[in-house]
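Trainee: heads up, no residue letters with this:
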C-alpha cells in the first residue's frame, strides 16, 4: 500500500510504510505473530449488521476481540 506522505524536499514522494494484515482477532493466540514488531496497530472492526439475529456479535467483536487485540499489543 502506498501512502503519500512527504519524505523528501517536495513532500510528494510516495512512502511504503503501511502493511495491511488480516487476522481472526477472536483467537487471541493468533494475534501476536501477526502483529510482530509493529509500531502502530490500527483496529477498524465492528460487529456485522448482516448477522442481526446474532445477539452475541457486539460483545464478541466490539468488546472481546478488541480486548484480545489490545492485550496482544501490550505484549510487544
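Mentor: That came through, no problem. Quick caveat: nothing in here was measured; it's all calculated off a predicted structure. Residues are numbered from 1 along each chain as shown.

Trainee: C-alpha only now, for contacts and for neighbours.
Mentor: Noted.

Trainee: So the residue positioned nearest the centre of the chain: helix, strand or coil?
Mentor: Central residue of the chain (CA atoms, centre = their mean): residue 43, 3.6 Å from the mean position. Going by DSSP: H, G, I helix; E, B strand; the rest coil, the secondary structure assigned to residue 43 is coil.

Trainee: Report the contact partners of it.
Mentor: residue 66 (CA atoms under 8 Å, 6 or more residues apart in numbering).

Trainee: And it, how close does it get to residue 61?
Mentor: As judged by CA to CA, to the nearest Å, residue 43 and residue 61 stand 11 Å apart.

Trainee: repeat for residue 47
Mentor: Counting by CA to CA, the separation of residue 47 from residue 61 is 5 Å.

Trainee: Run through the protein and note the low-pLDDT ranges.
Mentor: For the chain, the stretches flagged by pLDDT under 70 are 1-17, 76.

Trainee: rerun at 80
Mentor: Across the chain, the ranges flagged by pLDDT under 80 are 1-19, 49, 51-52, 75-76.

Trainee: ranges for the helices of it?
Mentor: Per DSSP state H, the chain carries helices over the ranges 28-35, 57, 66-74.

Trainee: where does the last one sit relative to the chain's centre, distance-wise?
Mentor: For helix 66-74, the distance between its averaged C-alpha position and the chain's averaged C-alpha position is 10 Å (CA atoms, centre = their mean, to the nearest Å).

Trainee: any residues touching that helix, and which ones?
Mentor: Helix 66-74 is contacted by residues 25-28, 31-32, 35, 41, 43, 45 when judged by CA under 8 Å, 6+ apart.
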